[in-house]
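Colleague: next comes the sequence, and after it the predicted model I'd like to discuss.
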Number of protein chains: 2
Amino acid sequence: MFTAFSAGETPWRVSSQRTVRGQALPAIAGLSVHSTIDFPQRLDSSADWPLVGRASHVRYVEKAEKDRLVSVQAGLGRADATCAALIPIRKSDAWWMLTQDERRNVFEAQSHHIADSLKYLPAIAHQLYHSRDLGQPFDFLTWFEFAPEHASAFDDLVCTLRETPEWSYVEREIDLRLFRSSA
Amino acid sequence: MFTAFSAGETPWRVSSQRTVRGQALPAIAGLSVHSTIDFPQRLDSSADWPLVGRASHVRYVEKAEKDRLVSVQAGLGRADATCAALIPIRKSDAWWMLTQDERRNVFEAQSHHIADSLKYLPAIAHQLYHSRDLGQPFDFLTWFEFAPEHASAFDDLVCTLRETPEWSYVEREIDLRLFRSSA
């Protein structure tokens, strides 16, 4: 099952779209999210939308970490989680040339990606979509949902991650913040 | 870049096609291999050919292993490597639910996948194509090239792997042997 993020009116309205690093994405006013079984061909290959990814198996999480994550994490679609963020990320060739143990070392031993993220659960719900192997412009589409009162906690999480050694490998990053439209 | 394996006349003729586990693949007489930038839509989604995969970054190999592999492995396309094998494999949901450390443990600590494969280098050239996240019927398309005098060594390698704990997670496997057509 593929997940496609498309420019659309509902259910998510864009409150801000910021280019953190690298090339910008065409600005959109709203976002729709849908699932498809077949790979969705882009109608216009010169456009960047829709972005397509795939929820997949874990790549760095170890057993003890998974047990902790599962015990505290929340799912998507909570009624009070009316805020969301879509942060597409591409990492450098240098990252992808690293071996599994080297990447895990940067990801967790140096950057505490899982340990630091755990502090924000269950307030921040998270789903990662992989897109690198789909020939997409980004490697990951990271999606978050949270209640408005946790927006500043989410800012803290994002700032913490951006200061890590792992983020020195990020060469393109867009930060879209969204709110659920009642229309 | 995607790699597509299609039924075709050249350059590879099929000498045998055997269903090792799970559902068979429609029999073909020859195989062509080509690369495409865009995801190749299947003309007939009810057929299994072409099979599409993508060469990607390593998932289990660690730094010391990579250094050894790079120092001894051979590339594809050697003039005397007129034999080939295409072995598409799908693993079970139980495999993909494992965490990274659990999969690495089965893959190498229990099954010696890398260590045992190293013994067959550089005689057996190998390329792995990932297809699970492309929504394909197999998780991996494994491709091997070798000279005729190494065909029995290749049989040994395949038999060794099929007896490992890792292989208890394989739920579909097809074994195609090929020879390069001089036509």
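Modeller: That came through fine. Residues are numbered from 1 along each chain as shown, chains lettered A, B, ... in the order given.
Colleague: what bridges to residue A:89?
Modeller: residue A:140, residue A:173 (DSSP bridges).
Colleague: is it true that residue A:126 touches residue A:143?
Modeller: Yes - using C-beta atoms under 8 Å, residue A:126 is in contact with residue A:143, at 7.1 Å. For the C-beta atoms, the positions are set from N, CA and C on the backbone; glycine is no exception.
Colleague: those two: who's more crowded?
Modeller: Taking neighbours as other C-beta atoms under 10 Å in any protein chain shown, residue A:126 and residue A:143 compare with residue A:143 leading, 23 against 18.
Colleague: quick one, what contacts the more buried one?
Modeller: Residues in contact with residue A:143, defined by C-beta atoms under 8 Å, 6 or more residues apart in numbering or on different chains, are A:76, A:84, A:85, A:86, A:87, A:126, A:127, A:128, A:129.
Colleague: how about it, phi and psi?
Modeller: With angles defined as degrees, to the nearest 10, residue A:143 sits at phi -130, psi 130.
Colleague: if I look at it, how far off is residue A:15?
Modeller: 15 Å (C-beta to C-beta, to the nearest Å).
Colleague: and the longest strand for chain A?
Modeller: Criterion DSSP state E: the longest strand present in chain A is strand A:2-21.
Colleague: okay, now residue A:164: neighbour count?
Modeller: Residue A:164, neighbours per other C-beta under 10 Å, totals 17.
Colleague: low-confidence regions, chain A specifically.
Modeller: A:41-47, A:183 (pLDDT under 70).
Colleague: and the helices in chain A, which stretches?
Modeller: Ranges of helices in chain A, per DSSP state H, are A:63-72, A:93-97, A:100-104, A:113-118, A:151-162.
Colleague: and of those, who's closest to residue A:23?
Modeller: For residue A:23, the closest of the helices of chain A is helix A:93-97, at 16.0 Å, according to C-beta to C-beta.
Colleague: tell me if the closest one is near chain B.
Modeller: Yes - with C-beta under 8 Å from any C-beta of the partner chain as the criterion, chain B is reached by helix A:93-97 at A:96, A:97.
Colleague: which bits of chain A sit near chain B?
Modeller: Residues of chain A lying near chain B (C-beta under 8 Å from any C-beta): A:1-2, A:37-39, A:41, A:45, A:54, A:56-63, A:65-66, A:96-97, A:99-102, A:104, A:130, A:132-135.
Colleague: dump the C-alpha coordinates for stretch A:16-31 into CSV.
Modeller: Extracted in CSV, the C-alpha atoms of stretch A:16-31 (Å, rounded to 0.1, in the frame of the first residue of the first chain):
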residue,chain,number,x,y,z
SER,A,16,3.1,27.4,7.0
GLN,A,17,5.4,25.9,4.5
ARG,A,18,9.1,26.5,5.1
THR,A,19,12.2,25.3,3.2
VAL,A,20,14.6,24.2,5.9
ARG,A,21,17.4,23.0,3.5
GLY,A,22,17.8,22.6,-0.2
GLN,A,23,15.4,23.2,-3.0
ALA,A,24,11.9,24.5,-2.2
LEU,A,25,8.7,22.6,-3.0
PRO,A,26,5.8,24.3,-4.9
ALA,A,27,3.6,26.0,-2.3
ILE,A,28,0.3,24.4,-1.6
ALA,A,29,-2.7,25.7,0.4
GLY,A,30,-4.1,22.4,1.5
LEU,A,31,-3.2,18.7,1.6
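Colleague: circling back: pick the most deeply packed of the helices of chain A.
Modeller: Most buried of the helices of chain A, by mean neighbour count (mean count of other C-beta atoms under 10 Å in any protein chain shown): helix A:100-104, with a mean of 18.
Colleague: what sits up against it?
Modeller: When contacts are defined by C-beta under 8 Å, 6+ apart, helix A:100-104 is touched by residues A:60, A:95, B:58, B:59, B:60, B:61, B:62, B:63, B:100, B:104.
Colleague: the third one and residue B:104, how far apart?
Modeller: Here the distance between residue B:58 and residue B:104 works out to 12 Å (C-beta to C-beta).
Colleague: ok so, going back, farthest pair in the contacts of residue A:143?
Modeller: A:76 and A:87 (15.1 Å).
Colleague: the two: who's more crowded?
Modeller: Between residue A:76 and residue A:87, counting by other C-beta under 10 Å, residue A:87 is the more crowded of the two (19 against 13).
Colleague: my guess is that one contacts residue A:174. True?
Modeller: Yes - here residue A:87 lies in contact with residue A:174, judged by C-beta under 8 Å, at a distance of 6.8 Å.
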